Structures are given as C-alpha cells and as structure tokens.
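Chemist: Got a predicted structure here, sequence first:
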Amino acid sequence: MDYLLTAASVCFFCLNGAMTRLFQLKMKGGKKALRLYQAGFCLVASVLNLAFFGINALPGTKTVILSLFFGILFAAASFLGAECYEKGPMSLTSVILNLSLAVPLVYSFIVFGESISTTGIAGLALLCVTFVLSALSASGGQKKINTAWIVMVALAFVANGTTAVLQKADAASGSSDGFFLGFAYFVGALCFLASWAVEKGREKSGKCAADAAAFVLPKGDALAKYLMAAIIITVVSGGGSFVGNMVLGKLSVRMDAAVLYPCVNGGLAVLTSVASAVFFKEKMSLIKIISVAVGAAAIVLLAI
C-alpha cells in the first residue's frame, strides 16, 4: 500500500510540474505572470489543506516555526532553482537539485537511526546515474559557472532538501491536521507575491523592458478565455502539489528515507521525461530513453 501511495505522490507532483510547464508555454507573460501563477497555486494548496483537514487545535510554537520555514524555503528553492537554470549550466543545476534528497537521508540516518540495504545502495547509485543522464539529455548551450551561480545552487540545494526534513519533523511530532501545510503554502504564496512586486517594480524602472514587451494581455472575449485557462491551470497545479506533499508527509514517518525520497525523486525524473515526450512532444533522445530505463531499474532495487 505504501508503494502505491508513493507512486500516487510522484504522479501528483508530476501534475504540478506539468501545469507549470503548460503555463510557461501557453500562458506566457514572463517572470511576473509566473510569480502570480506560483502564488496562486500555493493559495489553492493552502485552502485545500485547511478544507480537507481543518485545524483541530491551536498549533504549538514548534509547528508554527516549522511551517513558516517550510513555506519560505519552498518558495526559495523554486525561485533559486529557476535562476540557476537561467544563469548557469542547466545540466549541473538539475543534478545538484535532484541530489538534495541527501539532506533528508542524512537527517533520517542520524535522528531516526534508519539504515539502507545493499540493494538500496545499488539503487541509489543507479539513481545518481539517472540524474546525470537526464541532465545530459537536456543540456545544450551551457553557460559558464560563476560565483553567483555557485552560491545560488548551494542555497537551492539546502532549501530543497530542508523542506523534506521540516515536513518529516512535523509528521514525527504527531501533527495530523491541515495547519502545517496550509500555513506553509500561505507563506509561500506571500513570498511569490513579494517576488511579483519586485518584478513589477523592475518593469516600471525599465530594468526588464524586454520582458514587459514580450507579452501583452489579450482583450475582450480572448481575455476571458485567457483568465479562465490560467485559473484552471493554477487550480489543477495547486491540487497536484497539495496531494503530493500531503501523501509525502504521511509516508515520511511510515517508510525509511532511503527508500521514500529516492523513489519520489527518481520516479519524478522518470515520469517527467515520459510526460514531456507524450504531452509536450519533446524528442526522446537515446540518452533520455536510457535514463528512463536506468531510473526504473533504480526504483525497483530501492523497493526490494
């Protein structure tokens, strides 16, 4: 049953990622529109958490602090990851961000005394190969590494990995209502809105005139259709993130980290590659096909 829930978590995280890609391709609007979309799906996820699970009692100080930092780091990981893809080598960025699963692994080994089997070690090794192959298949026009990129990718690595640690720490404390993720997503939405305000300020100052001129909102009936499409994509994306993180939180205290996080990260890498080929018509190169096969083998070994 836990493995089925893990697969469900991967599918819903993939849905969130697919909606983000769809928004970028179809809705356009530059960074400013993307920040509003990200704030929107966070608000949707926040409302869904509170609607489905409610708040059973006044949360303790520890839960509030964990939730606050989860929201901030969730937004930071998304923002910094995008900046790293834009300003540095995309392939290396992808590998480093995927390997942030090392953070909850080390945390679980130290705090909860969890271990990993021999087949699990082999699976982790294959998973690393999958990430490298996936990055290579997406590489092209690579940019040079500079100090700014090194700092940003390091911060993104820590932020992305730490969110899993905070979620597991909250789940281990026995929290079962909707406050933790509900408040965390709300904080994330505020962070994305703040980023949107900064982008809007830069646009007014003329510092990103090209981005502002790249897209003009449609008018009349076309505007209504645009807004309806944007709302649907945002709601579906928020639902995907809500279910994915809700299931991941439940499983974080029921499955060993050495199995759970590699399966989620590896499964997401594999499923995203397949979804990109099927729904977005991206070409499946030989390297990408091999990476999908190796990733699938890694997940099987981790599950044994």
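Modeler: Cool, got the structure.
Chemist: which SS class is Ser176?
Modeler: coil (DSSP: H, G, I helix; E, B strand; the rest coil).
Chemist: Now do the same contact list for it.
Modeler: Contact analysis of Ser176 by C-beta atoms under 8 Å, 6 or more residues apart in numbering lists Phe53, Asn56. In short, each C-beta sits where N, CA and C put it, glycine included.
Chemist: Backbone torsions only: list them for it.
Modeler: Torsion angles at Ser176 (phi, psi; degrees, to the nearest 10) stand at phi -130, psi 0.
Chemist: just how off-centre is stretch 70-81 within its chain?
Modeler: 9 Å (C-alpha atoms, centre = their mean, to the nearest Å).
Chemist: do the same with stretch 22-39
Modeler: 16 Å.
Chemist: in that stretch, what counts as buried?
Modeler: Using 16 or more other C-beta atoms under 10 Å as the test for burial, stretch 22-39 gives 22-23, 27, 29-39.
Chemist: what about it, start to end distance?
Modeler: Start and end residues of stretch 22-39 are separated by 16 Å (C-alpha to C-alpha, to the nearest Å).
Chemist: can you list the residues that contact it?
Modeler: Outside stretch 22-39, the residues touching it (C-beta under 8 Å, 6+ apart) are 20, 75, 78, 188-190, 192-193, 195-196, 199-200, 203, 208, 211-212, 214-215, 217, 226, 229-230, 233-234, 237, 280.
Chemist: What of stretch 267-282?
Modeler: With C-beta under 8 Å, 6+ apart, stretch 267-282 has contacts from 6-7, 10-11, 13-14, 17-18, 21, 25, 98, 130-131, 134, 137, 283-284, 288, 291-292, 295-296, 299.
Chemist: Of those residues, which belong to strands?
Modeler: The strands, defined by DSSP state E, take in nothing from the contacts of stretch 267-282.
Chemist: Selection in ChimeraX covering whichever of the residues you listed are buried, please.
Modeler: To isolate the buried ones among the contacts of stretch 267-282 in ChimeraX, judged by 16+ other C-beta under 10 Å, type:
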select :6,7,10,11,13,14,17,18,21,98,130,131,134,137,288,291,292,295,299
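Chemist: Of the contacts of stretch 267-282, which belong to helices?
Modeler: Using DSSP state H, 6-7, 10-11, 13-14, 17-18, 21, 98, 130-131, 134, 137, 288, 291-292, 295-296, 299 are the members of the contacts of stretch 267-282 that sit in helices.
Chemist: what's the neighbour count on Lys62?
Modeler: 12 (other C-beta atoms under 10 Å).
Chemist: With adjacent residues omitted, what lies nearest to it?
Modeler: Ser173 (6.9 Å; C-beta to C-beta, 6 or more residues apart in numbering).
Chemist: My guess is the one you found contacts Ser67. True?
Modeler: No: using C-beta atoms under 8 Å, Ser173 makes no contact with Ser67, being 11.5 Å away.
Chemist: following the helix or strand in which Lys168 is found, which helix or strand comes up?
Modeler: Assigned by DSSP states H and E, Lys168 belongs to helix 147-172. Per DSSP H and E, the first helix or strand lying C-terminal to helix 147-172 is helix 179-205.
Chemist: distance between that following helix and the chain's centre?
Modeler: With C-alpha atoms, centre = their mean, you get 16 Å for helix 179-205.
Chemist: do stretch 269-281 as well
Modeler: For stretch 269-281, the distance to the chain centre is 16 Å (C-alpha atoms, centre = their mean).
Chemist: Tell me how many other residues surround Met152.
Modeler: 20.
Chemist: same deal with the one 10 residues further on?
Modeler: Other residues within reach of Thr162 by the criterion other C-beta under 10 Å amount to 20.
Chemist: what sits against it?
Modeler: Here Thr162 is in contact with Phe69, Leu73, Val103 (C-beta under 8 Å, 6+ apart).
Chemist: Kindly recompute the last result at 10 Å.
Modeler: Thr162 sits next to Phe69, Phe70, Leu73, Phe74, Ala76, Ala77, Ser100, Val103, Pro104, Tyr107 when contact means C-beta atoms under 10 Å, 6 or more residues apart in numbering.
Chemist: Which of those residues sits closest to Phe242?
Modeler: Distance to Phe242 across the contacts of Thr162 (C-beta to C-beta) is lowest for Phe74, with 12.5 Å.
Chemist: The closest one reaches Val187, doesn't it?
Modeler: Yes: shown here, Phe74 and Val187 form a contact pair, counting by C-beta atoms under 10 Å, at 8.2 Å.
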